[in-house]
Each structure stands twice: as structure tokens, then as C-alpha cells.
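**Q** Quick one: sequence and predicted model below, then my questions.
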Amino acid sequence: PVVEEVVVPTVSPVEVSTSPVAEPVSPIMELQDRLLTKEEKDLFGKIAPIKDLQIKVAKAIDVMTLKMGTGNVLVMGDDGIDRISIAKSMIKCMQMKDPTFSGKVAKIKGDLFSTKDVAATLAELQNGALIIEKAHKMSEQSVEKLYKELEKEDKGIVVIIEGPKGSMNKFMDKNDKKMY
């Protein structure tokens, strides 16, 4: 699945970068830069006033989609940053832009997600969103199952994975072929 990164360091503003994808040309790369709308700024609060941040967060919002295998987001940053609030704000933006979004949203910790039936969990959230908190704590088996489920044509869901920057960098390095 295509994953858009939102990096939230403590010292500098949020950084969003496009993750590599298997396709030769990614539609993410073709997006025009834009600033957040007034409604989006209201959702993101104190991180919204920074122009570079607005452009990067807007890009992540613009690629979120319920289509299979694409439109998922990674939010990572140093401890002390409220990554969950950022994830929730992104879901609220999804609700505003996509009338097919069901409004079903769940949040689960990565280690607990590893004990769940991935297919059943995603089925319950059809056309909704799942936030996986501290995703770096997911088991390798759960990551593989998540990837396979997100590739199925009948899955309409946005998955936002989040965690501390250092841990998530290691997680993504380990799982890059599964998550991209």
C-alpha cells in the first residue's frame, strides 16, 4: 500500500515526505502544493500556522483514500508530540472530503493489534479508518496480514500508523517491502 509520511520532530515543523511506491510514477508526486483550508487549519490547531507544514500536511490529506492499497498515512515524531491528535485531525479531514466515509473509526495499540484477527478488524471498519498507535510494536506476522488485507479489492479503509520517530524509522526499514 502507498503510505504517506508525516514526520513530527520537536524542534522543527512537521515534515511530510512521499514514500516510494512500486508504480513507476506515483500520483502523489504529481500533486500540486496547497495550503490548508480554513476548516483544516482549525482541526490542526497550533501546527497549522507554519506554511511549509501546511503544504506537507495538505499533501498527506490529499492522498488519503478508501481505495485499496493506497492512501494510508504514517505519522511519526519525537515523544511529547501529540501524534494521535494529528491522526484524528487527518481522519476528520477524510470525513469532510469523502462522502462514502462511514465514520467508523478505531484506535488500537500495535502490540494489541497483533493479538487480533486482522481481516475481521478491518471488515468491521469498512469505509472507515484505523489508527494503529505505536505501530512499531506490531508483530511481523500482523504487518504481513495487514498488508495482504489492504491489497484486497473489497477493503475500503484508511490506516494511519503512528509512533516515535526512531522506532518508526526502524519499523519502516524492516517492513519496507510490506508497507510500500
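**A** Sure thing, it's come through.
**Q** Does the spatially most central residue of the chain belong to a helix, a strand or coil?
**A** Centroid check for the chain by Cα atoms, centre = their mean gives V73 as the closest residue, at 1.8 Å. What DSSP: H, G, I helix; E, B strand; the rest coil gives for V73 is strand.
**Q** same question, E162
**A** strand.
**Q** Tell me the helix or strand right after the worst-scoring helix or strand of the chain on mean pLDDT.
**A** When the helices and strands of the chain are scored by mean pLDDT, DSSP states H and E, strand 15-18 comes last with a mean of 37. Toward the C-terminal end, the helix or strand that comes next after strand 15-18 (DSSP states H and E) is helix 38-44.
**Q** Who are the packing partners of whichever helix or strand comes after that next one?
**A** Going down the chain from helix 38-44, the next helix or strand is helix 51-63, by DSSP H and E. Here helix 51-63 touches strand 3-8, strand 15-18, helix 38-44, helix 83-97, going by 3 or more Cβ pairs under 8 Å, 6 or more residues apart in numbering; DSSP states H and E. C-beta coordinates here come from the backbone N, C-alpha and C atoms, glycine included.
**Q** at 6 Å instead, please
**A** Secondary-structure packing of helix 51-63 (3 or more Cβ pairs under 6 Å, 6 or more residues apart in numbering; DSSP states H and E): strand 3-8, strand 15-18.
**Q** The first one - what's its average pLDDT?
**A** This points to strand 3-8. For strand 3-8, mean pLDDT rounds to 55.
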